[in-house]
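> here's a sequence, model it:
(one chain, ligands or ions: 2)
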Amino acid sequence: MMITKRLCDMLNAQVGRELAASQQYLAAAIYFADKGLDKWADVFYRQSEEERFHALKIVKFLVEVGAETTVPEAPAASPTMFESPLDVTSKALAWEREVTQNFRDMAKAAMEEPDPVCRPILDWFLTEQVEEESTMDKLTQILESGLNPFMAEQVLDEATAEVGGGDEA
Ligand SMILES: [Fe+2]
Ligand SMILES: [Fe+2]
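Ligands and ions are numbered 1, 2, ... in the order given. Below you'll find the predicted structure:
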């Protein structure tokens, strides 16, 4: 294996978190779709796919470097976990901040080991997290402005231009 055991374990744990995020965003999409907020639903369906793409990106990296990897169980998620559209975007922003912290911890571990082989993929994810946090922050600000979520659908395209663009990387 071309990477250290420590980073291998951390990256495997991250696969589980990305899949969990995919489930949570799918629940968020259902929450919006149930309310007839189809454009909001579409943003979160795309976000759910993007998180799955993140999990795959790590899995493929682990396989490539000869590290052991398994498919963890993804936790259930329900649209009833959300109280309002603003609650969805606020929770999403908090989740994204946690993920950024996970990658910060991995980047720190990669320096300590040192584990230079992991650095490019960690850099990619750190850059991606800037986008992810910024998108969820924008969506939260739109709803905090008091704009009705139906009216806000008109500005969603601009606010979410980055969502779903991940598979080009
Ligand atoms: Fe992710
Ligand atoms: Fe994310």
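> which residues of the protein score low on pLDDT?
Filtered on pLDDT under 70, the chain yields the residue ranges 165-169.
> who are the packing partners of the biggest helix by length in it?
Counting residues, the longest helix found in the chain (DSSP state H) is helix 5-34. On a contact count with 3 or more CB pairs under 8 Å, 6 or more residues apart in numbering; DSSP states H and E, helix 5-34 meets helix 38-64, helix 85-112. C-beta here means a position set from N, CA and C on the backbone, and glycine is covered the same way.
> and it with helix 38-64, angle?
Note on geometry: by axes from the mean of the first three to the mean of the last three CA atoms, to 10 degrees, helix 5-34 and helix 38-64 are set 160 degrees apart in direction.
> which parts of helix 5-34 are buried?
7-8, 10-12, 14-33 (16 or more other CB atoms under 10 Å).
> identify the residues contacting the residue in the chain positioned nearest to ligand 1.
Nearest to ligand 1 in the chain, going by CB to the ion, is His54, at a distance of 3.6 Å. Neighbour list for His54: 18, 21, 125, 128, 166 [criterion: CB atoms under 8 Å, 6 or more residues apart in numbering].
> closest one of those to Leu139?
When the contacts of His54 are compared for distance to Leu139 (CB to CB), Ala21 comes out closest, at 15.4 Å.
> I'd say the closest one and Asn102 touch.
No. The criterion here is CB atoms under 8 Å, and Ala21 misses it with Asn102 at 10.7 Å.
> one step back: and ligand 1, which of the buried residues of helix 5-34 reach it?
For ligand 1, the contacts drawn from those by CB under 5 Å from the ion are Glu18.
> from Leu62, how far out is Met81?
Separation of Met81 from Leu62 (CB to CB, to the nearest Å) stands at 30 Å.
> quick one, which of the two is more surrounded?
Leu62 (21 against 13; other CB atoms under 10 Å).
> surely the more buried one is in contact with Thr69?
Yes. Counting by CB under 8 Å, Leu62 does reach Thr69; the two are 4.1 Å apart.
> that'll do, ta.
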